[in-house]
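In: just coords:
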């Protein structure tokens, strides 16, 4: 079965169970979500949407977002998401590459449509009240290799690249992530990574949407999130490091949490230690992957030894864990190359494959751009972006060590522009003390900054381009 069919199987077996809980506390059952998606699908079909048509969806994380996604899937059409962090230019690139037929949006999306000429030709799909009369329940079964989802990379190293996932590919990714998550019907999860809500709908679990602006995860209010979790009986959290940090900041212990899953950015030791204090009974998992290959490796907190903690503090790198069994990993000049059934086969524009894809002995490999080393146990230690290194000086190795220093909250290394510069953010930092510590790691000049710029997508990775402008 594909994702929509798996969701409908959950609807049949547990129709009154909670599927999604909104930030304001509205509880939407599986039956209600199914019905609303069918109503939308019927309206979209009347608007001319059918198998293979690409629909651009531009709306925030909400119940209506998932009604829309499920409606498009019901018709055998293709869901397309632009990358918000890529801005208007990235949106134009995405529309040109994917050639959507229609657009489903609300609120500010209407203004964006008027402002971007490339969107004018798109059919605007109707939006309506969930109380609209129910009619037929469209369901188009697709072959497994049929396109189902188009997303775009953030474009941090160039223009955004389009990635097409087939129906089978989405199910494979769901299954592999479930090997790690082990979701059961009835689980209640706080989720700020939207794709995992789709997985929860396929698994019969309840997803609580965090309160606040999810496009700015580092700005979410930790106390509000903790109150949500308490009110709705949340036992698991699935979120990027920036959100986990907000939940853990100045938080009382939350013994009710049974699991914390984080990824989408580097998971540094200081965050892992903060999670342990806040969620003493939780199994803590960090997942490493990329847009083109998710997941690649997995790290359980219980697998980190005292020697590992010491090594990370000494600048050896950031432990990312053991590659999952379904993937092959090779290092070439420190860079991580991966191959496997859930590794993206190529981009919308074949020209984008030239720098990141190659075939050897009939096996397709993808170069991630990440630098790493592999230890004697077969575990990956991340070193940062390969192009951001200078000689043997790697960003993550230095940043991981720096985040173990007293008072340091954020760290980012700029190497390759003459003398390496280490930007540090924190409270009460002594420049002379920080400089002495940095000197032990290499020829590095420390710069104390008010705030280290972070990526716009998850607020969990340093934005080196913005930092370079700041320090210039």
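Out: Yep, it's here. Keep in mind that this is a model prediction, so the values were computed, not measured. Numbering: from 1, shown residues only.
In: longest single strand anywhere in the protein?
Out: Ranked by residue count under DSSP state E, the longest strand found in the chain is strand 363-374.
In: next structured bit after that one?
Out: strand 380-385 (DSSP states H and E).
In: partner strands of that following strand and their direction?
Out: The pairing partners recorded for strand 380-385 under DSSP bridges are strand 318-323 (antiparallel), strand 363-374 (antiparallel).
In: so which bits of the helix or strand following the shortest one are buried?
Out: Meaning strand 318-323. On the C-terminal side of strand 318-323, the closest following helix or strand by DSSP H and E is strand 328-332. Using 16 or more other C-beta atoms under 10 Å as the burial criterion, the residues of strand 328-332 that qualify are residue 329. Placement of C-beta: from N, CA and C, glycine included.
In: show me the contact partners of strand 328-332.
Out: Around strand 328-332, the neighbours that count as contacts under C-beta atoms under 8 Å, 6 or more residues apart in numbering are 296-297, 323, 336-340, 363, 365, 367, 372-374, 380.
In: avg pLDDT for stretch 290-303?
Out: Stretch 290-303 shows a mean pLDDT of 95.
In: between the two ends of it, what distance do you get?
Out: Length of stretch 290-303, first residue to last, C-alpha to C-alpha, to the nearest Å: 22 Å.
In: low-confidence ranges, this structure, go.
Out: In the predicted model, the chain carries pLDDT under 70 at residues 128-135, 154-158, 417.
In: report the secondary structure state of the closest residue to residue 29 other than its chain neighbours.
Out: Among residues not flanking residue 29 along the chain, residue 16 sits closest, at 5.2 Å (C-beta to C-beta, 6 or more residues apart in numbering). The local conformation at residue 16, judged by DSSP: H, G, I helix; E, B strand; the rest coil, is coil.
In: what's near enough to touch the residue nearest the centre of the chain?
Out: Geometric centre of the chain, nearest residue: residue 264, 4.3 Å, by C-alpha atoms, centre = their mean. Applying C-beta under 8 Å, 6+ apart to residue 264 gives the contacts 193, 240, 241, 457, 458, 460.
In: which parts of stretch 147-166 are buried?
Out: For stretch 147-166, burial by neighbour count (16+ other C-beta under 10 Å) applies to 147-156, 159-166.
In: looking at those residues, which are in strands?
Out: Those of the buried residues of stretch 147-166 mapping onto strands are 147, 148, 149, 150, 151, 152, 162, 163, 164, 165, 166, per DSSP E.
In: residues in contact with the last one?
Out: With contacts defined as C-beta under 8 Å, 6+ apart, the neighbours of residue 166 are 144, 145, 146, 147, 148.
In: most widely separated two among those?
Out: Spatially, the most separated pair among these is 144 and 147, at 11.0 Å (C-beta to C-beta).
In: can you give the contact residues for stretch 408-417?
Out: By C-beta under 8 Å, 6+ apart, stretch 408-417 touches 384, 388-390, 393-395, 398-399, 402-403, 420-427, 429, 434, 444, 451-454, 462, 464, 467-468, 471.
In: actually stretch 217-237, not the one I typed
Out: With contact meaning C-beta under 8 Å, 6+ apart, stretch 217-237 is reached by 21, 23, 25, 187-192, 206, 208, 210-214, 239-240, 242-251, 254, 256-262, 454, 458-460.
In: which of those residues fall in helices?
Out: Among the contacts of stretch 217-237, DSSP state H puts 242, 243, 244, 245, 246, 247, 248 in helices.
In: Throw these into a markdown table and include distance to residue 82 and neighbour count, thanks.
Out: Below are the ones in helices among the contacts of stretch 217-237 laid out as a markdown table (distance: C-beta to C-beta, whole Å; neighbours: other C-beta atoms under 10 Å):
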| residue | distance to residue 82 | neighbour count |
| --- | --- | --- |
| 242 | 21 | 24 |
| 243 | 22 | 28 |
| 244 | 26 | 29 |
| 245 | 27 | 23 |
| 246 | 26 | 24 |
| 247 | 28 | 28 |
| 248 | 31 | 21 |
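In: and the furthest pair within these?
Out: Between any two of these, the greatest separation by C-beta to C-beta is 11.0 Å, found for 242 and 248.
In: rewinding a little: of the contacts of stretch 408-417, which belong to helices?
Out: Members of the contacts of stretch 408-417 lying in helices (criterion: DSSP H): 395, 398, 399, 402, 434, 464, 467, 468, 471.
In: quick one: the third one and residue 462 touch, right?
Out: Yes: using C-beta atoms under 8 Å, residue 399 is in contact with residue 462, at 7.4 Å.
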